[in-house]
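>>> generate a structure from the sequence data that follows.
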Amino acid sequence: MMTMEFQDDREAGRLLAVEDGTTVGHIGYFVLADAPHALVAVHTVVEQGHEGRGIAGGLVKTFYGIAAAEGVPVVPLCPYAASWAAKHPDEAPEPTAEVVSAAKAQLAAARDAR
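Residues are numbered from 1 along each chain as shown. Down below sits the predicted model:
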């Protein structure tokens, strides 16, 4: 039986799904610069050959758990994370419109800076 663990690599902006030492998926994210410093999910990736095992759902659930422990909202700009949140409203509180707007603006500024 393989064991899955989730590792938050905040500096790299990735929450990793690691199975027996191999990264099998991740959420790319950033922290909103202004209060309430939301965690903003940008994309969720499951490596080829590991799909269909609940890894993406485990990543998003863990991501929301990290945010709850830190007392900050999640802004699910990633379509998968947004879909998961819609299906699990008890575990995924909806962020305010202001926080969503700030997250979108910060993401756009980061993309424009590239």
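>>> which residues of the protein fall in helices?
55-70, 79-87, 97-113 (DSSP state H).
>>> ranking the ones you listed by mean neighbour count, which comes first?
helix 55-70 (a mean of 19; mean count of other Cβ atoms under 10 Å). Glycine gets a C-beta too; all of them are placed from N, C-alpha and C.
>>> ok, residue 114 to residue 108 distance?
From residue 114 over to residue 108 the distance is 11 Å, taken as Cβ to Cβ, to the nearest Å.
>>> low pLDDT regions in this protein?
1-2 (pLDDT under 70).
>>> residue 84 contacts residue 59, correct?
No: using Cβ atoms under 8 Å as the test, residue 84 is too far from residue 59 to be in contact (9.1 Å).
>>> want to throw the helices of the chain into a markdown table with distance to residue 7?
Formatted as a markdown table, the helices of the chain follow (distance: least, Cβ to Cβ, whole Å):
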| stretch | distance to residue 7 |
| --- | --- |
| helix 55-70 | 10 |
| helix 79-87 | 18 |
| helix 97-113 | 23 |
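>>> looking at these, which is closest to residue 40?
helix 97-113 (4.4 Å; Cβ to Cβ).
>>> partner strands of the top strand by length along the chain, with direction?
As assigned by DSSP state E, the longest strand anywhere in the chain is strand 22-31. Paired neighbours of strand 22-31 in the sheet (DSSP bridges): strand 14-19 (antiparallel), strand 39-46 (antiparallel).
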